[in-house]
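Colleague: Structure, please.
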Amino acid sequence: MAGIGFELRKILKKNTLLSIFEAYGLAGVVSSGPWVLSIVALMVIGFISIGKAAEDVIVVQFLVIVTYLMAGSLILSGMFQLMLTRFISDQLFSNNQEGVTPNLLGCMVVSSVLSLAVGAGLLSFSELPANIKVAILASFVVLCNLWLIIIFLSGMKQYYRILVTLLGGYTFMIVGSLVAAPFGLIGLLSIFGLSQAIITFVFLFFVLRYYPSNTLVSFDFLNPNKIFISLVFTGIIYNIGVWIDKFCFWINPVLNVQVVDIFYASFIYDLPIFLAYLAIIPGMAVFMLHMETDFAESCENFYKTVREGGTLKSIYILKQKMVNDCQNSIYQIFKVQGVTLALLLLWAKDILIALNIDTTYLHLFYVDLVGVSLQVLVMAILNVMFYLDKRYSALALVICIVITNFVFTQISIALGPAFYGYGFTLAMLITTILGLIKLNSQFNNLEYQTFMLQE
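Modeller: A predicted model of the protein is given here:
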């Protein structure tokens, strides 16, 4: 899905300071997407609503329910995200743009039915009022579909429309929450669901215009001969791995608090980790800028030369360029995210004070900042593996995230509050090291694997 790579290269060719800021800003928005922007919007809603537009307890209930909606929708839609991305990329590579939109709509149909069934099943254990259940279920279905459409954003060139849509949608959510807050939990949930629906349908409109088709719905993406099951498991397991430390705290009877009905939170753990996730924006911008320009281009040139029967010398040269671009991309991510991390560690206390957050969270905030910075490197490594079509290596890596995050988080809980957050951070550190070792091995054997291991 190299559309954004072409656009970023075009912007950078202007060779001005403004063009550099423009490219990084565009990459940051598209890569971070609604997930990070949602955190910002929800924090703003929390700060402006508590004690003003709504009762404190209502706002807390709203934020906790939305957190569950985010976690559940990312995990459930994870089974389609990578698989659909690969399927659509194969369609575009085969010059079959007609198959893009019908299969997206087909995937959205399957996702909607599945999320509706899962959400209804889970809410059947709840004693919440019917209108609250409907609002939660509708938001869950919409979010599952939104994450699917997001994978098309990097393939389209309508980036500024995307930016305006995101800003407009979340501005509507913030302003609407002030109006809806007096109506209680149902008002806040309704505005949240409506804003996500607006963003989803506007993005869908962009996709329909960018990839027109005479067929409405297709389910070719479910054809076992055209998809890779390993990507289904990779998508689900990755999202479970990222969220499993939060679930460990939420289900722990000593550390959790029942916020509303079946929804529990761990106030000692949740706030610092979600606040720390805002620190990934610079790293994600660099990640997309370099991966989708330099590395993507050199990777494409390498495999194009292989397919077209280039000389062995030219293949070696292009392979070395690809390796150099990969090293440079990861180095740039490490450098920018490292500088961001250093500055945030320096200003962490001031940030908590400015946000009126208790400074007893400071130590955990430090640890979480390191953990989310390492997660950016993990995402970069996984991205390279997908470019190299090392699907099973990527699957092994995300399994490592789940196991290490779960085990180390449980150990950190047993050791006490001074060790909270270290489970997540150590999991990301170990996964990063193992990923870099595996990536180095894959590049060393790339020619052999390219020519000798084809079916």
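
Colleague: Cross-check the contact I'm expecting between Trp147 and Ser73.
Modeller: Yes: between Trp147 and Ser73 there is a contact at 6.3 Å, judged by Cβ atoms under 8 Å. Any C-beta I mention is one placed from the backbone N, CA and C, and that applies to glycine too.

Colleague: Torsion angles phi and psi at Val259?
Modeller: Here is the backbone geometry of Val259 (degrees, to the nearest 10): phi -90, psi -50.

Colleague: Look at Ile403 and say how many residues are nearby.
Modeller: 15 (other Cβ atoms under 10 Å).

Colleague: Kindly report the same for the one 5 residues further on.
Modeller: A count of neighbours around Phe408, defined by other Cβ under 10 Å, yields 21.

Colleague: Report the secondary structure state of Ile186.
Modeller: For Ile186, the assignment made with DSSP: H, G, I helix; E, B strand; the rest coil gives helix.

Colleague: Quick check: closest non-adjacent residue to it.
Modeller: Setting aside the residues directly before and after it, Ile186 is nearest to Asn131 in space (Cβ to Cβ, 6 or more residues apart in numbering), at 5.4 Å.

Colleague: Next, find the distance separating the one you found from Ser139.
Modeller: If you measure Asn131 against Ser139 using Cβ to Cβ, to the nearest Å, the figure is 13 Å.

Colleague: Likewise for Leu446?
Modeller: Distance, Leu446 to Ser139, using Cβ to Cβ: 44 Å.

Colleague: Between the two, which is the more surrounded one?
Modeller: Ser139 (24 against 17).

Colleague: Give me the pLDDT for the more buried one.
Modeller: Here the pLDDT value assigned to Ser139 is 94.

Colleague: Then Ile174?
Modeller: For Ile174, the model assigns a pLDDT of 85.

Colleague: isn't it right up against Val40?
Modeller: No: taking contacts as Cβ under 8 Å, Ile174 lies outside contact range of Val40: 9.4 Å.

Colleague: okay, the two: which has more neighbours?
Modeller: A direct count of neighbours by other Cβ under 10 Å for Ile174 and Val40 places Ile174 higher, at 17 against 14.

Colleague: Near the residue nearest to Ile186, how many other residues are there?
Modeller: 12.

Colleague: Isn't it up against Gly187?
Modeller: No: using Cβ under 8 Å, Asn131 is not in contact with Gly187; the gap is 10.5 Å.

Colleague: Now do the domain split for this protein, please.
Modeller: The record's domain parsing of the chain by automatic domain parsing lists 3-227, 273-452.

Colleague: How about the contacts made by Phe152?
Modeller: Met1, Ile88, Leu104, Phe203, Val207, Tyr210 (Cβ atoms under 8 Å, 6 or more residues apart in numbering).

Colleague: and the gap between the residue nearest to the fifth one when sequence neighbours are not counted and Glu300?
Modeller: Yep, that's Val207 we're talking about. Nearest residue to Val207, sequence neighbours excluded (Cβ to Cβ, 6+ apart): Phe152, at 5.3 Å. To Glu300, Phe152 is 19 Å away according to Cβ to Cβ.
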